[in-house]
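The following comprises the amino acid sequence and a computationally predicted model.
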Amino acid sequence: MRPDGARPGDRLLVTRGPAVETAGLFASLYPEALGERGLAPETVADAAAGIDETRLVGDAVAAAEAGDVSAMHDATEGGLLGACCEMAASAEVRFEIDAEAAPLRSGVEAVCDALGIDPWKTTSSGTLVLAVPPADAAAVRRAIDARGTPVADVGRVVEGSGVQFRGETWTEPPRDESWDAYAALAGTG
């Protein structure tokens, strides 16, 4: 499945949500530092458990088998916002994103807040962004959901360019904020 096939009219689906990988890694590697920043041990443990949920091949196969999928992309470095920018640019379309509609794994927001990073602008391996024709969106969502993977409709594809996100238009992927947080925690920044 290619990332450049999004078409005007497609719905945008997101699995798992932003920063599951980043929050899981930081919570696994630096639980004490997060505790020093005010996070409860249960919150850190919950975020750390998310690292085990970053496999996406099964979700991608289920989506492709359930209906027509115009485009699909793994939200790696640059996060969900970066993946959306890359997909929109490669298809020469505009993505309109509702950040509040995305799934958000427990512990992710707390870890990202403690580190001063935006979950939408940080590595999110294991999260898929899918552009799906409206007629197939419900079937694709059901297939992914049946695997136990959170999935949500977060927006639409329209004519134009860039990504409309939180009142701003993005044409380039943002700088991945997780690198600075890692450098600070590792004592190299």
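Done, it's in. Numbers count the residues shown, from 1 in each chain.

Surely residue 129 touches residue 79?
No. Counting by Cβ atoms under 8 Å, residue 129 sits too far from residue 79 to count as a contact (10.4 Å). Yep, even glycine has a C-beta here, placed from its N, CA and C like the rest.

Which one of those two is surrounded by more residues?
residue 79 (29 against 26; other Cβ atoms under 10 Å).

what's the longest strand along the chain packed up against?
The longest strand of the chain (DSSP state E) is strand 151-158. Other elements packing on strand 151-158 under the criterion 3 or more Cβ pairs under 8 Å, 6 or more residues apart in numbering; DSSP states H and E are strand 11-15, strand 94-97, helix 134-146.

mind checking how far it is from the chain centre?
Centroid separation for strand 151-158 versus its chain: 12 Å, with Cα atoms, centre = their mean, to the nearest Å.

Only C-alpha atoms, please: export it in PDB.
C-alpha atoms of strand 151-158 as PDB (Å, rounded to 0.1, in the frame of the first residue of the first chain):
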ATOM      1  CA  VAL A 151      -9.000   3.500  15.400                       C
ATOM      2  CA  ALA A 152     -10.800   6.800  14.800                       C
ATOM      3  CA  ASP A 153     -11.900   8.900  11.900                       C
ATOM      4  CA  VAL A 154      -9.900  12.100  12.400                       C
ATOM      5  CA  GLY A 155     -10.700  14.100   9.200                       C
ATOM      6  CA  ARG A 156     -10.900  14.300   5.500                       C
ATOM      7  CA  VAL A 157      -9.100  14.800   2.300                       C
ATOM      8  CA  VAL A 158     -10.000  17.800   0.100                       C
END
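
So what's the model's average confidence on the helix or strand following that strand?
Of the helices and strands lying after strand 151-158 in sequence (DSSP states H and E), the nearest is strand 162-165. Averaging pLDDT along strand 162-165 yields 96.

ok, strand 162-165: who's next to it in the sheet?
Strand pairing for strand 162-165, using DSSP bridges, gives strand 94-97 (parallel), strand 168-170 (antiparallel).

Residue 139: which of the ones you listed is closest?
Residue 139 sits nearest to strand 94-97 of all these, at 21.4 Å, using Cβ to Cβ.

nearest to residue 58, of the helices and strands packed on strand 151-158?
helix 134-146 (9.3 Å).

Need the contact partners of the closest one.
Contacts with helix 134-146, where a contact means Cβ atoms under 8 Å, 6 or more residues apart in numbering, come from 9-11, 13, 15, 59, 62-63, 65-69, 130, 132, 151, 153.

what comes up buried for the lowest-mean-pLDDT helix or strand in the chain?
Every helix and strand in the chain was compared by mean pLDDT, DSSP states H and E; the lowest is helix 178-186, with a mean of 89. Neighbour-count burial for helix 178-186 flags 178, 181, 182 (criterion: 16 or more other Cβ atoms under 10 Å).
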